[in-house]
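> sharing a model prediction with you, sequence too.
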Amino acid sequence: MSVGLPIAGQETCEDPLDLMEEIDRLKKETDTTILAHYYVDGEIQDVADFVGDSLKLARDATTVTTSRILFSGVHFMAETAKMLNPEKTVLIPDLNAGCSLAESCRPEDLKMFQDDLRANGHNFETVAYINTSAAVKSLVDWIVTSGNAREIIDRVPADKEILFVPDQHLGRYLSEVTGRKMILWPGSCMVHEIFSVQDLLRAKRNNPGSEVVAHPECPHSILEHADFIGGTEAIRKHVMAVAEPHTYLVATEANMIHPLEKAAPQHRFVPVPGVMTSTGETCACNRCPHMALNTLQAVRNCLRDGKPEIEWQPFFDKARDVVAKSLLK
Ligand code: 13P
(Lines give C-alpha, C1' and ligand atoms only; values in the text may rest on other atoms or scores of the structure.)
Protein backbone atom coordinates (compact mmCIF):
# COMPACT_ATOMS: atom_id res chain seq x y z
CA MET A 1 0.00 0.00 0.00
CA SER A 2 1.36 3.41 -0.92
CA VAL A 3 1.63 5.89 1.91
CA GLY A 4 1.35 9.68 1.57
CA LEU A 5 -0.18 9.69 -1.92
CA PRO A 6 -3.35 11.73 -2.35
CA ILE A 7 -6.56 9.76 -2.88
CA ALA A 8 -8.10 10.52 -6.30
CA GLY A 9 -10.30 13.62 -6.08
CA GLN A 10 -8.99 14.49 -2.66
CA GLU A 11 -6.21 17.00 -2.08
CA THR A 12 -3.62 16.41 0.61
CA CYS A 13 -3.93 18.67 3.60
CA GLU A 14 -1.27 21.39 3.54
CA ASP A 15 -0.45 23.84 6.28
CA PRO A 16 -2.19 27.17 5.47
CA LEU A 17 0.85 29.14 6.68
CA ASP A 18 3.15 27.20 4.32
CA LEU A 19 0.71 27.81 1.48
CA MET A 20 0.54 31.52 2.23
CA GLU A 21 4.35 31.74 2.20
CA GLU A 22 4.51 29.81 -1.08
CA ILE A 23 1.88 32.11 -2.62
CA ASP A 24 3.87 35.17 -1.57
CA ARG A 25 7.01 33.76 -3.17
CA LEU A 26 5.23 32.65 -6.36
CA LYS A 27 3.58 36.07 -6.77
CA LYS A 28 7.01 37.68 -7.08
CA GLU A 29 8.56 34.91 -9.18
CA THR A 30 5.70 34.94 -11.69
CA ASP A 31 5.08 38.73 -11.80
CA THR A 32 1.50 38.33 -10.59
CA THR A 33 -0.87 40.61 -8.67
CA ILE A 34 -3.65 38.98 -6.65
CA LEU A 35 -7.08 40.62 -6.42
CA ALA A 36 -9.50 39.11 -3.90
CA HIS A 37 -13.18 39.80 -3.23
CA TYR A 38 -14.40 40.24 0.35
CA TYR A 39 -16.35 36.98 -0.06
CA VAL A 40 -13.31 34.68 -0.37
CA ASP A 41 -11.59 33.04 2.59
CA GLY A 42 -9.89 35.45 4.98
CA GLU A 43 -6.50 33.77 4.46
CA ILE A 44 -6.69 34.52 0.73
CA GLN A 45 -7.69 38.11 1.45
CA ASP A 46 -4.59 38.32 3.66
CA VAL A 47 -2.21 37.29 0.83
CA ALA A 48 -3.90 39.44 -1.80
CA ASP A 49 -2.50 42.74 -3.10
CA PHE A 50 -5.95 44.28 -3.54
CA VAL A 51 -9.06 43.35 -1.54
CA GLY A 52 -12.46 44.90 -2.06
CA ASP A 53 -15.95 44.89 -3.48
CA SER A 54 -16.78 44.38 -7.16
CA LEU A 55 -16.46 48.08 -8.00
CA LYS A 56 -13.14 48.69 -6.25
CA LEU A 57 -11.60 45.53 -7.71
CA ALA A 58 -12.65 46.42 -11.26
CA ARG A 59 -11.01 49.81 -10.78
CA ASP A 60 -7.95 48.30 -9.04
CA ALA A 61 -7.50 45.94 -11.99
CA THR A 62 -6.76 48.94 -14.22
CA THR A 63 -3.85 50.00 -11.99
CA VAL A 64 -2.00 46.66 -11.99
CA THR A 65 1.56 46.88 -13.33
CA THR A 66 2.50 43.18 -13.34
CA SER A 67 2.03 41.04 -16.46
CA ARG A 68 -0.40 38.65 -14.74
CA ILE A 69 -3.51 39.13 -12.60
CA LEU A 70 -4.89 36.32 -10.47
CA PHE A 71 -8.51 37.09 -9.60
CA SER A 72 -9.69 35.27 -6.50
CA GLY A 73 -13.44 35.63 -6.81
CA VAL A 74 -15.96 34.35 -9.32
CA HIS A 75 -15.89 34.09 -13.10
CA PHE A 76 -17.64 37.36 -14.04
CA MET A 77 -15.15 39.32 -11.89
CA ALA A 78 -12.11 37.79 -13.60
CA GLU A 79 -13.80 38.35 -16.97
CA THR A 80 -14.28 42.03 -16.13
CA ALA A 81 -10.60 42.32 -15.15
CA LYS A 82 -9.63 40.71 -18.49
CA MET A 83 -11.85 43.10 -20.47
CA LEU A 84 -10.12 46.04 -18.81
CA ASN A 85 -6.66 44.49 -19.35
CA PRO A 86 -6.73 42.80 -22.74
CA GLU A 87 -2.95 42.57 -22.91
CA LYS A 88 -2.53 40.89 -19.52
CA THR A 89 -2.85 37.25 -18.55
CA VAL A 90 -5.84 36.97 -16.19
CA LEU A 91 -6.06 33.82 -14.11
CA ILE A 92 -8.83 32.45 -11.91
CA PRO A 93 -8.22 29.62 -9.42
CA ASP A 94 -11.23 27.60 -10.64
CA LEU A 95 -13.16 28.17 -13.87
CA ASN A 96 -16.22 26.58 -12.24
CA ALA A 97 -16.52 29.47 -9.79
CA GLY A 98 -19.73 30.83 -11.30
CA CYS A 99 -22.56 32.93 -9.91
CA SER A 100 -26.23 32.02 -9.53
CA LEU A 101 -27.22 35.51 -10.66
CA ALA A 102 -25.08 35.41 -13.80
CA GLU A 103 -26.45 31.97 -14.62
CA SER A 104 -30.06 33.16 -14.29
CA CYS A 105 -29.69 35.48 -17.29
CA ARG A 106 -28.54 33.83 -20.52
CA PRO A 107 -27.66 36.19 -23.38
CA GLU A 108 -30.07 34.53 -25.82
CA ASP A 109 -32.97 34.89 -23.34
CA LEU A 110 -32.12 38.51 -22.64
CA LYS A 111 -31.91 39.32 -26.37
CA MET A 112 -35.32 37.73 -26.96
CA PHE A 113 -36.85 39.61 -24.03
CA GLN A 114 -35.41 42.95 -25.22
CA ASP A 115 -36.73 42.29 -28.76
CA ASP A 116 -40.18 41.53 -27.34
CA LEU A 117 -40.19 44.73 -25.28
CA ARG A 118 -39.19 46.80 -28.32
CA ALA A 119 -41.82 45.08 -30.46
CA ASN A 120 -44.38 46.06 -27.82
CA GLY A 121 -43.44 49.73 -27.98
CA HIS A 122 -41.27 50.02 -24.86
CA ASN A 123 -38.66 52.76 -24.96
CA PHE A 124 -36.05 51.50 -22.49
CA GLU A 125 -32.40 51.14 -21.56
CA THR A 126 -31.01 47.95 -20.06
CA VAL A 127 -29.09 48.22 -16.79
CA ALA A 128 -27.21 45.07 -15.78
CA TYR A 129 -25.73 44.22 -12.41
CA ILE A 130 -22.03 43.40 -12.77
CA ASN A 131 -22.96 39.83 -11.75
CA THR A 132 -23.56 38.88 -15.41
CA SER A 133 -21.54 37.17 -18.12
CA ALA A 134 -19.54 39.22 -20.62
CA ALA A 135 -21.96 38.07 -23.33
CA VAL A 136 -24.83 39.70 -21.39
CA LYS A 137 -22.75 42.82 -20.73
CA SER A 138 -22.33 43.20 -24.49
CA LEU A 139 -26.14 43.49 -24.85
CA VAL A 140 -26.81 46.21 -22.27
CA ASP A 141 -26.49 49.99 -21.91
CA TRP A 142 -25.12 50.24 -18.37
CA ILE A 143 -23.37 48.10 -15.76
CA VAL A 144 -23.88 48.73 -12.06
CA THR A 145 -22.41 47.33 -8.89
CA SER A 146 -23.95 47.69 -5.46
CA GLY A 147 -21.44 50.52 -4.96
CA ASN A 148 -22.43 52.79 -7.86
CA ALA A 149 -25.96 51.72 -8.84
CA ARG A 150 -27.75 54.89 -7.74
CA GLU A 151 -25.37 57.18 -9.66
CA ILE A 152 -25.67 55.10 -12.81
CA ILE A 153 -29.45 54.96 -12.66
CA ASP A 154 -29.45 58.76 -12.42
CA ARG A 155 -27.59 58.77 -15.77
CA VAL A 156 -30.38 56.90 -17.56
CA PRO A 157 -32.52 59.55 -19.36
CA ALA A 158 -35.71 60.24 -17.41
CA ASP A 159 -37.92 59.52 -20.44
CA LYS A 160 -36.62 55.95 -20.71
CA GLU A 161 -37.95 52.90 -18.93
CA ILE A 162 -35.34 50.72 -17.23
CA LEU A 163 -34.97 46.99 -17.76
CA PHE A 164 -32.92 45.84 -14.77
CA VAL A 165 -31.18 42.44 -14.92
CA PRO A 166 -30.69 39.96 -13.35
CA ASP A 167 -31.19 40.60 -9.61
CA GLN A 168 -34.86 41.23 -8.85
CA HIS A 169 -34.16 42.11 -5.20
CA LEU A 170 -31.45 44.66 -5.96
CA GLY A 171 -33.65 46.04 -8.76
CA ARG A 172 -36.68 46.37 -6.49
CA TYR A 173 -34.57 48.12 -3.84
CA LEU A 174 -33.04 50.50 -6.42
CA SER A 175 -36.44 51.27 -7.87
CA GLU A 176 -37.60 52.21 -4.37
CA VAL A 177 -34.63 54.47 -3.56
CA THR A 178 -34.40 56.16 -6.98
CA GLY A 179 -38.13 56.39 -7.70
CA ARG A 180 -37.53 54.92 -11.20
CA LYS A 181 -39.99 52.38 -12.51
CA MET A 182 -38.22 49.20 -13.55
CA ILE A 183 -38.94 46.03 -15.43
CA LEU A 184 -37.23 43.36 -13.32
CA TRP A 185 -35.56 40.15 -14.46
CA PRO A 186 -36.53 37.34 -12.06
CA GLY A 187 -32.99 36.36 -10.90
CA SER A 188 -31.62 36.18 -7.37
CA CYS A 189 -28.44 35.30 -5.49
CA MET A 190 -28.53 31.84 -3.89
CA VAL A 191 -26.69 33.09 -0.78
CA HIS A 192 -28.84 36.14 -0.08
CA GLU A 193 -32.05 34.23 -0.83
CA ILE A 194 -31.24 31.78 1.95
CA PHE A 195 -31.69 34.13 4.92
CA SER A 196 -34.88 33.49 6.77
CA VAL A 197 -36.77 36.28 8.49
CA GLN A 198 -37.37 33.93 11.39
CA ASP A 199 -33.61 33.38 11.89
CA LEU A 200 -32.96 37.08 11.61
CA LEU A 201 -35.59 37.94 14.22
CA ARG A 202 -34.23 35.24 16.51
CA ALA A 203 -30.71 36.65 16.10
CA LYS A 204 -32.03 40.13 16.98
CA ARG A 205 -33.70 38.75 20.10
CA ASN A 206 -30.48 36.94 21.09
CA ASN A 207 -28.42 40.10 20.57
CA PRO A 208 -30.30 42.96 22.22
CA GLY A 209 -29.23 46.39 20.97
CA SER A 210 -27.64 44.97 17.82
CA GLU A 211 -27.91 46.61 14.40
CA VAL A 212 -28.73 44.71 11.20
CA VAL A 213 -26.53 45.51 8.17
CA ALA A 214 -27.76 43.92 4.94
CA HIS A 215 -26.65 43.66 1.32
CA PRO A 216 -29.29 44.89 -1.17
CA GLU A 217 -29.21 41.45 -2.84
CA CYS A 218 -31.34 40.30 0.14
CA PRO A 219 -35.08 39.92 -0.42
CA HIS A 220 -37.40 42.72 0.72
CA SER A 221 -38.56 40.60 3.70
CA ILE A 222 -34.98 40.83 5.10
CA LEU A 223 -34.27 44.41 4.04
CA GLU A 224 -37.31 45.70 5.90
CA HIS A 225 -35.62 44.62 9.15
CA ALA A 226 -32.25 46.19 8.25
CA ASP A 227 -30.88 49.29 9.97
CA PHE A 228 -28.35 49.81 7.19
CA ILE A 229 -28.51 48.62 3.57
CA GLY A 230 -25.42 48.70 1.38
CA GLY A 231 -22.91 46.73 -0.68
CA THR A 232 -19.92 45.15 1.03
CA GLU A 233 -17.73 48.26 0.89
CA ALA A 234 -20.55 50.49 2.13
CA ILE A 235 -21.14 48.12 5.07
CA ARG A 236 -17.42 48.19 5.89
CA LYS A 237 -17.32 52.00 5.84
CA HIS A 238 -20.51 52.18 7.89
CA VAL A 239 -19.17 50.08 10.79
CA MET A 240 -15.74 51.76 10.66
CA ALA A 241 -17.38 55.12 11.28
CA VAL A 242 -18.78 53.98 14.65
CA ALA A 243 -16.20 54.26 17.44
CA GLU A 244 -18.05 52.72 20.38
CA PRO A 245 -18.31 48.90 20.46
CA HIS A 246 -21.47 47.54 18.93
CA THR A 247 -22.94 44.23 17.78
CA TYR A 248 -23.78 43.95 14.07
CA LEU A 249 -25.89 41.22 12.53
CA VAL A 250 -24.45 40.79 9.06
CA ALA A 251 -26.85 39.71 6.30
CA THR A 252 -24.45 38.87 3.50
CA GLU A 253 -21.88 36.19 2.62
CA ALA A 254 -20.24 35.08 5.86
CA ASN A 255 -16.64 35.64 4.71
CA MET A 256 -17.46 39.35 4.92
CA ILE A 257 -16.96 39.04 8.67
CA HIS A 258 -13.17 38.87 8.09
CA PRO A 259 -12.69 42.34 6.54
CA LEU A 260 -15.20 43.80 9.00
CA GLU A 261 -13.27 42.44 11.97
CA LYS A 262 -10.02 43.75 10.51
CA ALA A 263 -11.43 47.21 9.76
CA ALA A 264 -13.41 47.64 13.00
CA PRO A 265 -12.10 45.28 15.71
CA GLN A 266 -14.01 47.22 18.39
CA HIS A 267 -17.28 45.61 17.23
CA ARG A 268 -18.76 42.13 17.36
CA PHE A 269 -20.04 40.74 14.07
CA VAL A 270 -22.61 37.96 13.94
CA PRO A 271 -23.40 36.33 10.61
CA VAL A 272 -27.11 35.98 9.81
CA PRO A 273 -28.51 33.40 10.36
CA GLY A 274 -26.76 33.77 13.66
CA VAL A 275 -28.36 31.16 15.83
CA MET A 276 -26.60 31.11 19.17
CA THR A 277 -25.47 27.67 20.30
CA SER A 278 -25.17 26.70 23.96
CA THR A 279 -21.45 27.61 23.79
CA GLY A 280 -22.24 31.09 22.53
CA GLU A 281 -21.05 30.44 18.96
CA THR A 282 -23.01 31.28 15.84
CA CYS A 283 -23.55 29.17 12.78
CA ALA A 284 -22.50 30.53 9.39
CA CYS A 285 -24.29 28.50 6.75
CA ASN A 286 -24.42 31.40 4.33
CA ARG A 287 -21.28 30.70 2.28
CA CYS A 288 -21.21 31.04 -1.49
CA PRO A 289 -20.21 27.61 -2.89
CA HIS A 290 -18.65 29.30 -5.93
CA MET A 291 -16.50 31.66 -3.88
CA ALA A 292 -15.54 28.63 -1.76
CA LEU A 293 -13.80 27.05 -4.77
CA ASN A 294 -11.12 29.66 -4.09
CA THR A 295 -9.03 27.66 -1.66
CA LEU A 296 -5.43 28.51 -0.74
CA GLN A 297 -4.37 25.37 -2.59
CA ALA A 298 -6.29 26.37 -5.73
CA VAL A 299 -4.70 29.84 -5.60
CA ARG A 300 -1.22 28.33 -5.22
CA ASN A 301 -1.79 25.83 -8.05
CA CYS A 302 -3.11 28.56 -10.32
CA LEU A 303 -0.10 30.79 -9.64
CA ARG A 304 2.33 27.93 -10.10
CA ASP A 305 0.75 26.47 -13.27
CA GLY A 306 -0.37 29.74 -14.91
CA LYS A 307 -3.89 28.36 -15.48
CA PRO A 308 -6.85 28.36 -15.71
CA GLU A 309 -6.83 31.52 -17.75
CA ILE A 310 -9.66 33.80 -18.95
CA GLU A 311 -9.50 33.73 -22.74
CA TRP A 312 -10.45 36.81 -24.78
CA GLN A 313 -13.84 36.40 -26.51
CA PRO A 314 -15.09 38.41 -29.53
CA PHE A 315 -17.92 40.08 -27.56
CA PHE A 316 -15.46 41.38 -24.91
CA ASP A 317 -14.84 44.53 -27.02
CA LYS A 318 -18.48 45.66 -26.82
CA ALA A 319 -18.79 44.59 -23.18
CA ARG A 320 -15.62 46.51 -22.29
CA ASP A 321 -17.01 49.78 -23.64
CA VAL A 322 -20.11 49.43 -21.43
CA VAL A 323 -18.03 48.44 -18.39
CA ALA A 324 -15.59 51.32 -18.92
CA LYS A 325 -18.26 54.03 -19.32
CA SER A 326 -20.16 52.68 -16.27
CA LEU A 327 -17.39 51.84 -13.80
CA LEU A 328 -14.42 54.00 -14.72
CA LYS A 329 -16.04 57.37 -15.38
P1 13P B 1 -20.43 43.93 -3.92
O2 13P B 1 -19.09 43.43 -4.26
O3 13P B 1 -20.83 45.05 -4.84
O4 13P B 1 -20.64 44.26 -2.51
O5 13P B 1 -21.49 42.78 -4.26
C6 13P B 1 -21.34 41.54 -3.77
C7 13P B 1 -21.49 40.54 -4.82
O8 13P B 1 -22.53 40.17 -5.23
C9 13P B 1 -20.33 39.98 -5.37
O10 13P B 1 -20.74 38.99 -6.24
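Received, thanks.
> alpha carbons only for contacts and neighbour counts from here, please
Will do.
> in the chain, what secondary structure element scores lowest on mean pLDDT?
Comparing every helix and strand of the chain by mean pLDDT, DSSP states H and E singles out helix 197-206 as the least confident one, with a mean of 90.
> packing partners of that helix?
In terms of contacts (3 or more CA pairs under 8 Å, 6 or more residues apart in numbering; DSSP states H and E), helix 197-206 is packed against helix 220-223.
> which residues of the stretch 151-300 of the chain fall in helices?
168-178, 197-206, 220-223, 232-240, 257-263, 296-305 (DSSP state H, counting those that start in this stretch).
> give me the most central residue, this protein.
Nearest to the centroid of the C-alpha atoms of the chain, with distances taken as CA atoms, centre = their mean, sits Ser54, at 5.7 Å.
> leaving out the residues flanking it, which one is nearest to that residue?
For Ser54, the nearest residue in space outside its immediate sequence neighbours is Thr145; the separation is 6.6 Å by CA to CA, 6 or more residues apart in numbering.
> burial count for the one you found?
Using other CA atoms under 10 Å, Thr145 is surrounded by 20 other residues.
> can you check Lys160 too?
Under the criterion other CA under 10 Å, the count of neighbours that Lys160 has is 15.
> hmm, it is touching Thr126, no?
No. Using CA atoms under 8 Å, Lys160 makes no contact with Thr126, being 9.8 Å away.
> remind me which residues of the stretch 51-200 of the chain are low pLDDT?
Within the stretch 51-200 of the chain, the set of residues satisfying pLDDT under 70 is empty.
> up against the ligand, what does it have?
Residues of the stretch 51-200 of the chain found near the ligand (CA under 6 Å from any ligand atom) are Asp53, Ser54, Asn131, Thr145, Ser146, Gly147.
> can you name the residues that contact the fourth one?
Which is Thr145. With contact taken as CA atoms under 8 Å, 6 or more residues apart in numbering, Thr145 is in contact with Ser54, Leu55, Tyr129, Ile130.
> any idea how many residues pack against Glu87?
The criterion is other CA under 10 Å. On that basis, Glu87 has 11 neighbouring residues.
> so it, which of the three states?
Under DSSP: H, G, I helix; E, B strand; the rest coil, the three-state class of Glu87 is coil.
> quick one, phi/psi of Lys28?
Reported as degrees, to the nearest 10, the phi and psi values for Lys28 are phi -70, psi -50.
> distance check, it against Thr66.
9 Å (CA to CA, to the nearest Å).
> continuing past the host helix or strand of Lys56, what's the next helix or strand?
When elements are defined using DSSP states H and E, Lys56 is found to belong to helix 54-61. Downstream of helix 54-61, the next assigned helix or strand under DSSP H and E is strand 68-72.
> what strands flank that following strand, and is each parallel or antiparallel?
Sheet partners assigned to strand 68-72 using DSSP bridges are listed as strand 32-37 (parallel), strand 89-91 (parallel).
> contacts for that strand, please.
Applying CA under 8 Å, 6+ apart, the contact partners of strand 68-72 are 30-37, 40, 44, 61, 77-78, 81, 88-93, 294, 299, 302-303.
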